[in-house]
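Participant: take this sequence and fold it.
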Amino acid sequence: MLRLFPTFSLWPVLSHGVCFCMAVTLCFFPVRVTAQVTLLVPSQPSIEVPIPKTATVRDDKRPESASTSSKSELSAHVSDKGKEQARAERKADDSQKVSVDSTPNIDQEVDVLITMMRPFRYEGLDMDMPQLFAVFRYGATTPAKDGVPQPERRDLLGDVEEIRYLDHKAWGANVALTQPGLYQFVIEGRPWWDTSVNRFLRHYVKTIMPVYGVEYGWDLPVGQRFEIVPLSRPFGLMTPALFTAKALLDGNPLPSAPVRMARINMEKRPVPTSWHEEQTAKTNAQGEFAFILNQPGWWCCVVDTKGDPLKGPDGQPKPLQVSAVFWLFVDGTTDPSRKR
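Facilitator: You can find the predicted model right below:
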């Protein structure tokens, strides 16, 4: 169904001597626990306007378009009748062109993957069904109320189905896209107990996908209790890319909050130290932060804050860590041929 990434596992084998040394070391030094995040990614970062089929037929009297030149060469022999037909088709196509935002209907769909994982280790984790899964669509015709845009909202929780991803329980949904727009997918997860950090965790997740060239709305908050709002466009990025954003808690900037940026390390490429597994920073007084993304692939940005304590497994109040998570895709500069 949803096959965004290949699945495999890699477990190190340790000798008894190494295990003993590790046990002694752990007695004296704190252990960095690789954080888990909620994955929310579409099967493609954007959906572009389809290239008309007539664009593959080239009239020698017209300059060849960039999209045509990247395809295989056409046959050198084209009959006069074929040329006349191509000209007629191009003329009819041009007369029917309209603004992408005014296109009444399209027939597209996208698969969305929802799961829990450790990005750098490329490890999956079991995940319960989220509490909320919805999509907001923005466009040039989005109405406003008291100066605040009112995007079209569609609840998608009823469309999700249980799947397996990286050998763990996950969720997937096939979402129909009937209109061009800037789509913001959001998730509100349920709190869960994490024994590795002895606290509850809860994630508010978001990702953005432009459809048919619409980009209006990428810098607008959708109203999540805790969310990351981009200050630089979060799509159409090439390495190295600058990503800037701000964290909002209950609609207000969150200052001095810890921020992490990590990439899905599908290649399981090793790094010199555990500090290299993710970038870290803090928000400024306006809740803003910035990172340089120097490798292609899916990146997640996570801002953490404290929530109200919840009753733990022993019946006593336990701390709650609330996280805003934002996913974005970066293309490699040496591979400009990503499927449109």
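Participant: how many neighbours does residue 130 have?
Facilitator: Residues near residue 130, counting by other Cβ atoms under 10 Å, number 21. Bear in mind the C-beta positions are built from the backbone N, C-alpha and C, glycine included.
Participant: what's the answer for the one 10 residues further on, then?
Facilitator: Other residues near residue 140 number 14, with proximity taken as other Cβ under 10 Å.
Participant: how about residue 325?
Facilitator: 24.
Participant: that one belongs to a helix, doesn't it?
Facilitator: No - secondary structure assignment places residue 325 outside any helix; it is strand (DSSP: H, G, I helix; E, B strand; the rest coil).
Participant: ok, now how distant is it from residue 189?
Facilitator: For residue 325, the distance to residue 189 equals 9 Å [Cβ to Cβ, to the nearest Å].
Participant: got it, and residue 331?
Facilitator: 28 Å.
Participant: between these two, who's got more neighbours?
Facilitator: Remark: of residue 331 and residue 189, residue 189 carries more neighbours, 24 against 18, as counted by other Cβ under 10 Å.
Participant: touching, that one and residue 205? I think so.
Facilitator: Yes - contact criterion Cβ atoms under 8 Å: residue 189 and residue 205 qualify, at 7.0 Å.
Participant: list residues touching both of these two?
Facilitator: By Cβ atoms under 8 Å, 6 or more residues apart in numbering, residue 189 and residue 205 have these common neighbours: residue 38.
Participant: residue 155 and residue 136: what is the separation?
Facilitator: The spacing between residue 155 and residue 136, counted by Cβ to Cβ, is 11 Å.
Participant: look at these two and report which has more neighbours.
Facilitator: Higher neighbour count among residue 155 and residue 136: residue 136, with 23 against 10, using other Cβ under 10 Å.
Participant: show me the contacts for that one.
Facilitator: Shown in contact with residue 136 (Cβ under 8 Å, 6+ apart): 151, 152, 153, 183, 184, 186, 217, 222.
Participant: just put these in TSV and tack on distance to residue 266 and secondary structure.
Facilitator: Formatted as TSV, these follow (distance: Cβ to Cβ, whole Å; DSSP: H, G, I helix; E, B strand; the rest coil):
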residue	distance to residue 266	secondary structure
151	32	coil
152	34	strand
153	33	strand
183	24	strand
184	25	strand
186	25	strand
217	30	coil
222	29	coil
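Participant: would you confirm that residue 261 contacts residue 300?
Facilitator: Yes - between residue 261 and residue 300 a contact is recorded at 7.4 Å, counting by Cβ under 8 Å.
Participant: ok, these two, which is more surrounded?
Facilitator: More neighbours surround residue 300 than the other of residue 261 and residue 300, with 25 against 21 (other Cβ under 10 Å).
Participant: tell me where the model's unsure across the stretch 101-250 of the chain.
Facilitator: Applying pLDDT under 70 to the stretch 101-250 of the chain flags residues 101-104.
Participant: residue ranges of the strands in it, please?
Facilitator: Along the stretch 101-250 of the chain, the stretches classed as strands by DSSP state E, counting those that start in this stretch are 108-118, 123-125, 132-138, 144-145, 148-149, 152-155, 161-165, 168-177, 181-188, 192-194, 199-211, 226-230, 237-238, 241-249.
Participant: turn those strands into TSV, including distance to residue 307.
Facilitator: Formatted as TSV, the strands of the stretch 101-250 of the chain follow (distance: least, Cβ to Cβ, whole Å):
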stretch	distance to residue 307
strand 108-118	18
strand 123-125	20
strand 132-138	16
strand 144-145	30
strand 148-149	26
strand 152-155	24
strand 161-165	27
strand 168-177	23
strand 181-188	13
strand 192-194	13
strand 199-211	7
strand 226-230	9
strand 237-238	31
strand 241-249	10
